[in-house]
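>>> 3D, please:
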Amino acid sequence: MNDFIPAFDWTRVVIDPWAAQFESSFWIVLMGFLATAACGLIGNYLILRRMALVGDAISHSVLPGLAVAFLFSGSLQIGAMFAGAIVAGVLTTLLIELIHTKSRVKTDAAIGITFCSLFAIGVILINVFAGKIHLDTECVLYGEISYVPLESSVKWLGGAIELGPRPVVTMALVFLAVIALIVVFYKELLVCSFDPTLAASLGFSPKVFHYGLMVVLSVVVVSAFESVGAILVIAMLILPGATAQLLSPRLPVVMVLSVLAAALSSLLGYHLGVWMRCSIAGAMVVAAAALFLLVWIFSPEQGLLQRWRRARRVDDGGESRIEENNGYSS
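Numbers count the residues shown, from 1 in each chain. You can find the predicted model right below:
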């Protein structure tokens, strides 16, 4: 057991990362927070629309989009990668709807067919052109968040100010853009998510906002792709929002709580990764899952304990009424 779980050393796990390696720890945790928070904010709308599996599909279909974008552009510049991801995300959505509407295949099966096929194509492209694309399957699946501090720094004002590693700056811009879009289109996204028919009657186009959401989702996924990989980003799309929605029925509160859940899971996951000497991105997802489990059990309104107490009170009330009725009839 000791070989499987390392001994917990408070100094090595908690103190040293911030005392001796503050800069590296800061950028890793910040990158984890930005990726998880951006994914969580978009994931709230996926959960409301019951489209969590579509987020799964797009996170996988981004892979062939990135490969094809490189093959056509010959560059790994972020603009080409974003373009490839957006095209792949919209294409995934169109293929899912086409398969579902033009056949008897159900939506969940159409999602499975689409993302499995596109992901397989992406894996083949990477294996065939691995020497040119400079990607490998391990990076694609799990990401390399621990390498973020080693990335080139983005400079501003002619190099006078260093903003930070390129992936962190990119993710920060995407995170701020997601917040801005949610604030500007809050009412439209809310109505389209809960009642597309009402949205259409109010003059909103549900399809426009649907495809717009898919485009933003694609951008968020490709921004987080390099650091957390295609598989772990799926969990980041769902866990913060699912945790927050167990704590409050109000969407603005859910948004704030999902960001707080992202911050906690990133910090706790980083220290878990240091302790277990394992993938830090994976540890962040495990921490997010642990937070969800705690909220699921102890939520004051929807937790398992609260539901058990309510059921117990109902049962006790029923037994009391039966006893009163029995006493009366005797």
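>>> what segments of this structure are strands?
Under the criterion DSSP state E, strands of the chain are mapped to 153-156, 161-165.
>>> list the contacts of the longest one.
Strand 161-165 has contacts (Cβ atoms under 8 Å, 6 or more residues apart in numbering) with 27, 30-31, 148-156, 169, 172. Quick note: C-beta positions are derived from backbone N, CA and C, even for glycine.
>>> drop anything exposed from the residues you listed.
27, 30-31, 148-149, 151, 154, 169, 172 (16 or more other Cβ atoms under 10 Å).
>>> farthest-apart pair in those, please.
149 and 172 (14.9 Å; Cβ to Cβ).
>>> in helices, which of the buried ones among the contacts of strand 161-165 fall?
27, 30-31, 169, 172 (DSSP state H).
>>> okay if I get these as TSV plus pLDDT and distance to residue 264?
Shown next, in TSV, are those (pLDDT from 0 to 100; distance: Cβ to Cβ, whole Å):
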residue	pLDDT	distance to residue 264
27	95	18
30	95	14
31	94	15
169	91	23
172	94	19
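>>> follow-up on the earlier one: need the max-distance pair from the contacts of strand 161-165.
150 and 156 (20.0 Å).
>>> I'd like the buried ones among the contacts of strand 161-165 as a markdown table, with distance to residue 299 appended.
Output for the buried ones among the contacts of strand 161-165, formatted as a markdown table (distance: Cβ to Cβ, whole Å):
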| residue | distance to residue 299 |
| --- | --- |
| 27 | 33 |
| 30 | 28 |
| 31 | 29 |
| 148 | 33 |
| 149 | 36 |
| 151 | 39 |
| 154 | 40 |
| 169 | 36 |
| 172 | 31 |
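>>> let me see the ranges of the helices in the stretch 1-150 of the chain.
Using DSSP state H, counting those that start in this stretch, the helices found in the stretch 1-150 of the chain span residues 10, 16-19, 22-48, 52-73, 78-101, 107-128, 130-133, 137-142.
>>> reformat these as a markdown table; add distance to residue 310.
Converted to a markdown table, the helices of the stretch 1-150 of the chain look like this (distance: least, Cβ to Cβ, whole Å):
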| stretch | distance to residue 310 |
| --- | --- |
| helix 10 | 40 |
| helix 16-19 | 43 |
| helix 22-48 | 24 |
| helix 52-73 | 27 |
| helix 78-101 | 39 |
| helix 107-128 | 32 |
| helix 130-133 | 55 |
| helix 137-142 | 41 |
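>>> among these, which gets the worst mean confidence?
When the helices of the stretch 1-150 of the chain are ranked by mean pLDDT, helix 130-133 comes last with a mean of 55.
>>> now do the contacts for residue 155.
Contacts of residue 155 by Cβ under 8 Å, 6+ apart are 161-163.
>>> not counting its neighbours along the chain, what's nearest residue 225?
Leaving aside its sequence neighbours, residue 225 sits nearest to residue 62 (Cβ to Cβ, 6 or more residues apart in numbering; 6.2 Å).
>>> remind me, longest helix of the chain?
Identified as the longest helix of the chain according to DSSP H is helix 206-245.
>>> tilt between it and helix 52-73?
120 degrees (axes from the mean of the first three to the mean of the last three Cα atoms, to 10 degrees).
>>> what residues sit buried inside helix 206-245?
206, 209-210, 212-245.
>>> I'd say residue 70 and residue 83 touch.
No - using Cβ atoms under 8 Å, residue 70 makes no contact with residue 83, being 10.8 Å away.
>>> and these two? which has more neighbours close in?
residue 70 (22 against 19; other Cβ atoms under 10 Å).
>>> and the more buried one, how far is that from residue 85?
Distance, residue 70 to residue 85, by Cβ to Cβ, to the nearest Å: 12 Å.
>>> kindly report the same for residue 100.
Taking Cβ to Cβ, one finds residue 100 at 23 Å from residue 85.
>>> so those two - more neighbours on which side?
residue 85 (27 against 18).
>>> check contacts around that one.
Residues near residue 85 by Cβ under 8 Å, 6+ apart: 62, 65-66, 69, 218-219, 221-222, 225.
>>> give me that answer again for 7 Å
62, 65-66, 218-219, 221-222 (Cβ atoms under 7 Å, 6 or more residues apart in numbering).
>>> repeat that for residue 270.
With contact taken as Cβ under 7 Å, 6+ apart, residue 270 is in contact with 25, 28-29, 32, 280, 284.
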